[in-house]
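>>> here are the coordinates; sequence isn't available:
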């Protein structure tokens with residue numbers, strides 16, 4: 001107990017009226033009925049995440065570097081259709097996973113901080129979480145891609161540069177979205 005400890009050098013009297021801090025979570029996972037209802041209601045909103053939107057935006061995001069590589073690095077689109085197609089689709093799937101992770105994390109973070117926002121406008125919160133996820137992940141993806149393609153791996157052959165830059169960028173974005 002605090003009373004039986006030796007006194008610090010700058011203290012003259014012991015601390016006797018120590019009050020425990022209020023708990024933010026109920027002990028042993030017990031929630032009130034209102035909290036359980038709110039969590040169940042919002043769990044439904046998270047499950048209805050706009051996966052089609054995420055995948056569509058991810059494909060468009062992953063397809064833009066095709067234009068970049070065909071015009072700047074002169075990687076012919078007709079000769080490398082399979083390379084472009086497979087890389088774009090796989091990176092699109094990886095990016096859509098990152099979008100979902102970020103949106104869910106943001107939604108949970110804001111929801112745990114502001115329960116009133118969950119009660120009043122859960123759909124607006126979900127839309128805002130999706131928008132923030134798309135912006136943040138796309139900005140990070142393009143930054144990593146351009147840094148790799150033009151500054152860190154400029155001496156790689158164009159196809160190796162494309163595949164490496166795309167997969168590393170998508171993988172890092174997904175890794176950072178899970179943190």
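Perfect, thanks for sending it. Bear in mind the structure is a predicted one, so any value in this text is a computation, not a measurement.
>>> So what touches stretch 172-179?
Here stretch 172-179 makes contact (Cβ atoms under 8 Å, 6 or more residues apart in numbering) with 94-95, 97-99, 101-102, 105, 133, 137, 140-141, 144. C-beta here means a position set from N, CA and C on the backbone, and glycine is covered the same way.
>>> Among these, which are located in helices?
94-95, 97-99, 101-102, 105, 133, 137, 140-141, 144 (DSSP state H).
>>> Just the buried ones from those, in ChimeraX syntax?
ChimeraX command restricting the ones in helices among the contacts of stretch 172-179 to the buried ones, with burial defined by 16 or more other Cβ atoms under 10 Å:
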select :94,95,97,98,99,101,102,133,137,140,141,144
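>>> related to what we said a few turns ago, next, give me the two most distant ones among the contacts of stretch 172-179.
105 and 144 (19.3 Å; Cβ to Cβ).
>>> quick one on the thing from earlier: save the contacts of stretch 172-179 as a markdown table, and put in distance to residue 56 and pLDDT too.
Output for these, formatted as a markdown table (distance: Cβ to Cβ, whole Å; pLDDT from 0 to 100):
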| residue | distance to residue 56 | pLDDT |
| --- | --- | --- |
| 94 | 15 | 97 |
| 95 | 11 | 97 |
| 97 | 14 | 94 |
| 98 | 14 | 96 |
| 99 | 10 | 94 |
| 101 | 17 | 93 |
| 102 | 16 | 93 |
| 105 | 21 | 88 |
| 133 | 14 | 93 |
| 137 | 14 | 96 |
| 140 | 19 | 97 |
| 141 | 15 | 98 |
| 144 | 21 | 98 |
